[in-house]
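>>> predicted coordinates and the sequence they were generated for:
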Amino acid sequence: MTAAASGDRILVVDDESDIVALVAYHLARAGYRVSTAGNGPDGLAAAQVERPAMIVLDLMLPGLSGYEVLEALRGAESTQRIPVLMLTARREEQDRIKGLTLGADDYLTKPFAPQELVLRVGAILRRVGTVARDGVDVLKVGAIEIDRADHRVHVEGREIDLTPTEYKLLITLAERRGRVQDRGHLLETVWEAAPDIQTRTVDMHVQRLRAKLGPAGDVIETVRGFGYRIRAGNARPG
């Protein structure tokens, strides 16, 4: 399965904005969905909630070091099987050995060629496989449970029949809980359309999605003048 076909989510954790932008751009071009975090605690929290297919993790991070994040990932049942590619400006062999000993799947030193990083990501995913980790790939948002492996949604045990677009809209909001998603960005992400297309399309789909979810749909907030978000604290890993 190619990256473009699978659309695997990659979490990039790095405090250098230019590196993040470069890596995210090339991974997106290769067909991956990309999430980012700029420090250790945010990266760890994102990994626990989003359950990405893989994490690209910088070694030198504020808050928690890459080593500490990796150790926490490997110590938690919900994240211990997520493959990790470590990035660092350090070239000493002992740093590489320490990262691999803690459970990193690969190691890449800065500066690096973006194409090499994309190839390494693909190789690691092929090696470990990209199926759901033992059936735990479920994201909970209030009373809503989203099974990302089977693309199914349940509310209090009852399966909700969503269209592919409604599902993609819900998962986009849930994976970015607490962050406002403006209508133009949702059009680009969910509909893969230029942001100048009529944003009323987003509003109509959100209305239908809320109706299908019933009272549980109240977790989707309208942020007037901007777009929509799911309140932080409602999303949690299953």
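Looks like it came in fine. These numbers come from a predicted model, not from an experiment.
>>> residues contacting residue 15?
The contact partners of residue 15, by C-beta atoms under 8 Å, 6 or more residues apart in numbering, come to 38, 39, 58, 60, 61, 62. Every C-beta, even on glycine, is put in place using the N, C-alpha and C of the backbone.
>>> adding neighbour count, distance to residue 180 and pLDDT, write those residues out as JSON lines.
JSON lines is the format used below for those (neighbours: other C-beta atoms under 10 Å; distance: C-beta to C-beta, whole Å; pLDDT from 0 to 100):
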{"residue": "38", "neighbour count": "17", "distance to residue 180": "18", "pLDDT": "95"}
{"residue": "39", "neighbour count": "16", "distance to residue 180": "20", "pLDDT": "96"}
{"residue": "58", "neighbour count": "26", "distance to residue 180": "26", "pLDDT": "94"}
{"residue": "60", "neighbour count": "16", "distance to residue 180": "30", "pLDDT": "91"}
{"residue": "61", "neighbour count": "24", "distance to residue 180": "25", "pLDDT": "94"}
{"residue": "62", "neighbour count": "11", "distance to residue 180": "24", "pLDDT": "94"}
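>>> farthest-separated two in those?
38 and 60 (12.3 Å; C-beta to C-beta).
>>> residue 124 is in contact with residue 83, correct?
Yes - using C-beta atoms under 8 Å, residue 83 is in contact with residue 124, at 5.0 Å.
>>> what residues are shared contacts of the two?
What both residue 83 and residue 124 touch, as defined by C-beta under 8 Å, 6+ apart, is the set 54, 105.
>>> more crowded one of these two?
Taking other C-beta atoms under 10 Å, residue 83 and residue 124 do not tie; residue 83 has more neighbours (20 against 16).
>>> nearest spatial neighbour of the more buried one, chain-adjacent residues omitted?
residue 105 (4.3 Å; C-beta to C-beta, 6 or more residues apart in numbering).
>>> can you count the residues close to the one you found?
20.
>>> check the one 5 residues further on too.
Using other C-beta under 10 Å, residue 110 is surrounded by 15 other residues.
>>> quick one, strands of this protein?
Assigned by DSSP state E, the strands in the chain fall at 9-13, 33-37, 54-58, 84-88, 106-109, 138-141, 144-147, 152-155, 158-160, 181-182, 220-223, 227-230, 235-237.
>>> need the winner for burial among the ones you listed.
Highest mean neighbour count of the strands of the chain: strand 54-58, a mean of 27 (counted as mean count of other C-beta atoms under 10 Å).
>>> what separation do you get for residue 99 and residue 83?
13 Å (C-beta to C-beta, to the nearest Å).
>>> coming back round to it: where's the residue nearest to residue 83 relative to residue 46, distance?
Using C-beta to C-beta, we find residue 105 at a distance of 18 Å from residue 46.
>>> among the strands of the chain, which gets the worst mean confidence?
Out of the strands of the chain, strand 235-237 stands lowest, with a mean of 50 (criterion: mean pLDDT).
>>> helices along the protein, start to end?
Under the criterion DSSP state H, the chain carries helices at the ranges 3-6, 17-29, 40-50, 66-75, 93-102, 114-128, 164-175, 183-190, 200-213.
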